[in-house]
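Asker: sequence first, then the predicted structure:
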Amino acid sequence: MPKKKKPVKSEPKELPPLNKSKNVVLRFAPGPSGPLHLGHTRALALNNYYKKRYNGKLILRLEDTNPNAIDSDAYEMIQDDLKWLGIEADKVIIQSERIDTYYEDIRKIISEGGAYVTKSDAEEWRVLKRQKKAHPDRDRNPEIQIKEFESLLKDENGIVVIKTNLEDPNPALRDFVAFRIVDSPHPLQKSKYRLWPLYNFAVAIDDYRLGITHVLRGKDHLNNTEKQKWIYKYMGWDEPEFIHYGLVSIPKTNLKTSKIRQSISEGEYSGWDDCRIATIRALARRGYSSETFSKYWEASGVKEVDIKFSWQNFDAMNKDLIDAKSKRLFFVSEPKEFTFKTGETITKEAPWHPDNKDLGNRVEIIKSGSKIYLPGADLGKIQDYSEIRLKNLCNVKINGNTLEFTDFEHKKGIPIFQWCSASKNIKLYYPDGVVNSGLVEDNIDDLDNTVVQFERTGFVRLEGDKAFFLHR
RNA sequence: GCUCCCGUGGUGUAGUCCGGCCCAUCAUCUCGGCCUUUCGAGCCGAAUACCCGGGUUCAAAUCCCGGCGGGAGCACCA
């Protein structure tokens, strides 16, 4: 066998290729229980990566087969989140609109002896399974099973079970439930159906019927894949390519949709975009670039290793993307008021960005008698009559509550201060819940809803009289 | 308990399939220096990794065996 060439180092890294014989069709399939969060973005980014690489298609499939776990706003929110991430689904599929297809396919499997109906007690059925024993209902003939199935559609209670190998040493893989009764109304279908498919059944049917060629998902689905293969077998279908990447643990981040929802309803969080949580919309509000998500996950690869998400690395990537185009502003926390004294009016002319001169300057006229605010914390170290430099303006001597102009000369070693002349108050919200307030330069009106850097503090996104901390 | 997956610096990753080009890649973080109208950025430098033990081989991160460690599943959730 010929040896594979080592990749040339200067080439950008690529994810491993897909085995492909036809046009690539991928899918992203969340349950509509809330908006998307950071945890969803790996599946999304990876599937989208291969879609672009092979010029394929990406299907967004909303898995709403559990009427009790649906937030009707989520259908919309998920699509908005996708849009924000810059990902376009070629098709949007809603599973609850496909129930009749599932019924048709399960009838086929039942009539060929691949599934059975039982109305017995749940625990009784599970105990037998654990002991590798068949439930008495399992071996009834298909005609009876079908009749039983139709009765579930009407008013009886029971489940439909896919037969697998009861002898399977892995208890997770023995007979699994394909349908169960849920009487609560569905947000979209209302009371049209009472017999609802479960995850593994609906997924297998849809992946095939929607023409999915590659199922790219987390390792937590390894057993599900084995279950779904039984459906393919009973239907006589070719399997798609299954690829499982390792699990991600995201430290110090609350991603539980149900918990977040509770905190929102209790008023602790302001909404799904509260800057303390890691929903897409909250991260967007803090000013992350959508590109960072795809970059980060593409760099993490598709290996089956479990990985830890690193905010540090993520933030570093984001900074790379936004640094050159983010304007700089002075931010003065714990402001102390001073009166400026000078013989003549002087002008502040500070670059919007120290390196990117294309961004131009911010200009401000300072007169004698103007109020100047200095950061309280830094002042603590300074004595009366010390000479300091007001950054991008001039040198002054502190005399009680006044700042007396001395000269413009750049002097080595004297402390440099950020300062503000305006009393434009802004509240700075940190993701850990800390709220800081301070003054910011007055000329931020045009900067509303953009990401800027508060010098020395870090990058923030401005929103009215609020600023959301992004990262350093 | 049963079953499956995975172990490369602090973190993420390349290399593992097909042994040699690997005294191991790149990024981030950390630490020092230079530069700078404080920060950041930039430039230069430093430090840190093949889970352990055996085996095969001229040669092992890579192949084999055994241990250890981590994760997941065993739902009428998705």
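Answerer: Happy to help now that I have it. Numbering: from 1, shown residues only, chains lettered A, B, ... in the order given.
Asker: domain assignment for chain A?
Answerer: When chain A is parsed into structural domains using automatic domain parsing, the resulting residue ranges are A:25-248, A:327-471.
Asker: pick the most buried one from those.
Answerer: Across the domains of chain A, the average number of neighbours (mean count of other Cβ atoms under 10 Å) peaks for domain A:25-248, which reaches a mean of 18. Heads up, the C-betas are built off the backbone N, CA and C, glycines and all.
Asker: ends of that one, how far apart?
Answerer: 24 Å (Cα to Cα, to the nearest Å).
Asker: follow-up on the earlier one: pick out the shakiest of the domains of chain A, pLDDT-wise.
Answerer: Per-stretch mean pLDDT for these is lowest at domain A:327-471 (a mean of 88).
Asker: so which of the domains of chain A gets nearest RNA strand B?
Answerer: Closest of these to RNA strand B is domain A:25-248, at 2.7 Å (criterion: Cβ to the nearest atom of the strand).
Asker: near RNA strand B at all, the helix or strand where residue A:259 lies?
Answerer: Take DSSP states H and E as the rule and residue A:259 turns out to sit in helix A:257-265. No: judged by Cβ under 7 Å from any atom of the strand, helix A:257-265 stays clear of RNA strand B, getting no closer than 10.3 Å.
Asker: can you name every helix or strand that the following helix or strand past that helix contacts?
Answerer: Beyond helix A:257-265 in the direction of the C-terminus, DSSP H and E gives the next helix or strand as helix A:280-286. In this structure, helix A:280-286 packs against helix A:74-84, strand A:458-463, strand A:466-471, with contacts taken as 3 or more Cβ pairs under 8 Å, 6 or more residues apart in numbering; DSSP states H and E.
Asker: which of the residues in helix A:280-286 are buried?
Answerer: By neighbour count on 16 or more other Cβ atoms under 10 Å, the buried set for helix A:280-286 is A:280-286.
Asker: now the residues you listed in CSV, with distance to RNA strand B and pLDDT?
Answerer: Written out in CSV, the entries for those read as follows (distance: Cβ to the nearest atom of the strand, whole Å; pLDDT from 0 to 100):
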residue, distance to RNA strand B, pLDDT
A:280, 17, 95
A:281, 19, 96
A:282, 21, 95
A:283, 18, 95
A:284, 22, 95
A:285, 22, 95
A:286, 17, 94
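Asker: any idea which of those is closest to residue A:292?
Answerer: The shortest distance between residue A:292 and any of the buried residues of helix A:280-286, using Cβ to Cβ, involves residue A:283 and amounts to 9.0 Å.
Asker: what residue, apart from its backbone neighbours, is nearest that closest one spatially?
Answerer: The shortest distance from residue A:283 to any residue other than its chain neighbours is 6.8 Å, reached at residue A:38 (Cβ to Cβ, 6 or more residues apart in numbering).
Asker: ranges for the strands of the stretch 351-472 of chain A?
Answerer: Ranges of strands within the stretch 351-472 of chain A are A:361-366, A:371-375, A:387-390, A:394-399, A:402-405, A:416-417, A:424-429, A:435-440, A:451-454, A:458-463, A:466-471, based on DSSP state E, counting those that start in this stretch.
Asker: the second one vs RNA strand B: in contact?
Answerer: Going back to what we said before, that points to strand A:371-375. No: applying Cβ under 7 Å from any atom of the strand, one finds strand A:371-375 out of contact with RNA strand B, separated by at least 8.7 Å.
Asker: again with stretch A:74-83
Answerer: No: Stretch A:74-83 lies apart from RNA strand B when judged by Cβ under 7 Å from any atom of the strand; the minimum separation is 11.2 Å.
Asker: what residues does that stretch touch?
Answerer: Here stretch A:74-83 makes contact (Cβ atoms under 8 Å, 6 or more residues apart in numbering) with A:30, A:32-36, A:44, A:60, A:62, A:64, A:71, A:88-89, A:92, A:94, A:188, A:272, A:279-281.
Asker: repeat that with 7 Å
Answerer: Stretch A:74-83 is contacted by residues A:30, A:32-36, A:60, A:62, A:89, A:92, A:280-281 when judged by Cβ atoms under 7 Å, 6 or more residues apart in numbering.
Asker: how about the residues of the stretch 351-472 of chain A by RNA strand B?
Answerer: By Cβ under 7 Å from any atom of the strand, the part of the stretch 351-472 of chain A that sits against RNA strand B consists of A:353-355, A:389, A:391-392, A:408, A:410, A:416-418, A:453, A:455-456, A:472.
Asker: ok, now with 6 Å
Answerer: Residues of the stretch 351-472 of chain A that fall close to RNA strand B, judged by Cβ under 6 Å from any atom of the strand: A:354-355, A:391-392, A:410, A:416, A:418, A:455-456.
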